[in-house]
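[1] Any chance you could fold what I've pasted below:
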Amino acid sequence: MDTENAEFVLDPATPDVHADNVRLREAGALIPVEVEGVRAWAATRYATLAAVLTHPDLSRDVSHWDPAAKAAAPPNTAVSKLASDTSMLNAEGDAHHRLRAPVSKSFSARRVEDLRPRVARLAASHVDRLAAMPPGPLDLRLEFAYPIPRDVISELMGVPSSLREELHELTDVAARVGDGPDDVADARRQLCRLLDEIIEIRRDTPGEDLITDLIAASEQEEDRLTRSEVRDTVELLFIAGHVTTVNLITNAARVMLTHPDQLAAVRSGARPWSAVVEETMRWDSPIAHFPMRYAVRDLEIEGMPVRKGEAVIGCFASAGRDPDRYGERAERFDVTAPTQSHLSFGHGPHFCLGAPLARLEGEVALAALFAAFPDIRLANQENGWRPLGTVLGNSTRNLPVVLGRRAE
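    The predicted model follows:
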């Protein structure tokens, strides 16, 4: 791969990922980039990304990554952390099924729909908490978009109540939920220690939860999960199970507040909140870029030769605004248009396990928020919204709003 002088560097601190993505798509469907010191191919357009996500000769198994490139990758970055993960995230074939099966039933569409009353009660309780806060601007991301999915996944996984506050504080930093410090390495180490403690508690006191299911899978005779696989899966489920939904709710609330005509259409019942969720997933994907897949042999994608061992990264936020897929509306948010498919939950065998839950949480949370506060508006902000500062997520660290009166 000729990336020694890669023209494009995927910048974690970019103030406008969508402007960057315009440049990426104009450069080509598959282009060489550098991301956190790693050189890779970037799939920038919808059709290319869809092909990459299902290509039989591209694997998430890190053993296929060129050894020299892997050794040269800087440690302690988001990319290196994901590349070394031993959960279902990087497994393929039978190994992927073995790791995914113990928890897949809990995320089925039917099981998730059964959670709707519980999620609605949680959303209502957080609306009450917002209404009781002093008047004036508040951070909607931190105070509303974050706690709902966090509380849901904590309960589903069986995180002991006594440890939830510490767990939430560490993930606030590790996942850059609010305006916290930029150095997250120590928080990640503490998070791993705490997850080990939680697993041992559930091992001693099993319950009806995801962690207990994973522990049971580690103790069965066949298809046994190792301790590291259990820990990595718990971390994956907890962080992925709420952080991307935080981005979804934040992005959807922001776009509704900047498109009052479309908000009025939804409030009137002309369009459902599910359409807001899907259009937000397309137009402002919670995931910016996601690493990586590795070529198991020499192959060609979009006319570009990809050599065995080279890495390919998916540009999900870019694919969601690809004019080749979405035509003239690609750059325009339009909840009134017919819903079109998107790739923000992935595609193929690694399609997001938590997609039904994220959709449900987004719909319920947004409906509760905008029904409760008819006059909600963005707060004046001199310096704009702060980006997350990560190549993975696409959202802002804050969303200052003024709630206004509460509906009678």
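
[2] got any ranges where the stretch 301-408 of the chain has weak pLDDT?
    Where the stretch 301-408 of the chain drops to pLDDT under 70, the residues are 381-384.

[3] Sketch out the helices for it, chain order is fine.
    Shown for the stretch 301-408 of the chain, the helices assigned by DSSP state H, counting those that start in this stretch span residues 316-319, 323-326, 355-372.

[4] Nearest to residue 262, out of the ones you listed?
    The closest of the helices of the stretch 301-408 of the chain to residue 262 is helix 355-372. By C-beta to C-beta, the value is 11.7 Å. For every residue, glycine as well, the C-beta is placed using N, CA and C.

[5] residues making contact with stretch 133-147?
    Here stretch 133-147 makes contact (C-beta atoms under 8 Å, 6 or more residues apart in numbering) with 126-127, 129-130, 172, 177-179, 242, 246, 249-250, 253, 365, 369, 379, 395-403.

[6] just how off-centre is it within its chain?
    Centroid displacement of stretch 133-147 relative to its chain, using C-alpha atoms, centre = their mean, to the nearest Å, is 21 Å.

[7] residue closest to the middle of the chain?
    The residue lying closest to the centre of the chain (C-alpha atoms, centre = their mean) is residue 244, at 2.9 Å.

[8] you'd agree residue 263 is in a helix?
    Yes. If the criterion is DSSP: H, G, I helix; E, B strand; the rest coil, then residue 263 is within a helix.

[9] Show the contacting residues for it.
    Going by C-beta under 8 Å, 6+ apart, residue 263 touches 256-257, 370.

[10] swap in residue 105?
    Counting by C-beta under 8 Å, 6+ apart, residue 105 touches residue 111.

[11] Tell me how far it lies from residue 123.
    Using C-beta to C-beta, to the nearest Å, we find residue 105 at a distance of 25 Å from residue 123.

[12] try residue 114
    Separation of residue 114 from residue 123 (C-beta to C-beta): 16 Å.

[13] Of the two, which one has the most company?
    residue 123 (24 against 10; other C-beta atoms under 10 Å).

[14] what's the closest non-adjacent residue to the more buried one?
    Nearest residue to residue 123, sequence neighbours excluded (C-beta to C-beta, 6 or more residues apart in numbering): residue 368, at 4.0 Å.

[15] what about the one you found, how many neighbours?
    Residue 368 has 21 neighbours, counted by other C-beta under 10 Å.

[16] Distance check, it against residue 145.
    Residue 368 sits 12 Å away from residue 145, going by C-beta to C-beta.

[17] so residue 402 bridges to which residues?
    Residue 402 has these beta-bridge partners by DSSP bridges: residue 377.

[18] and it, how many neighbours does it have?
    Residue 402 has 16 neighbours, counted by other C-beta under 10 Å.

[19] can you tell me which residues contact it?
    135-138, 376-379.

[20] Could you measure from residue 146 over to residue 353?
    Separation of residue 146 from residue 353 (C-beta to C-beta): 21 Å.

[21] got it, and residue 93?
    In terms of C-beta to C-beta, residue 93 sits 17 Å off from residue 353.

[22] Show me which of residue 146 and residue 353 is the more surrounded one.
    In this view residue 146 and residue 353 are compared by other C-beta under 10 Å, and residue 146 has more residues nearby, 26 against 20.
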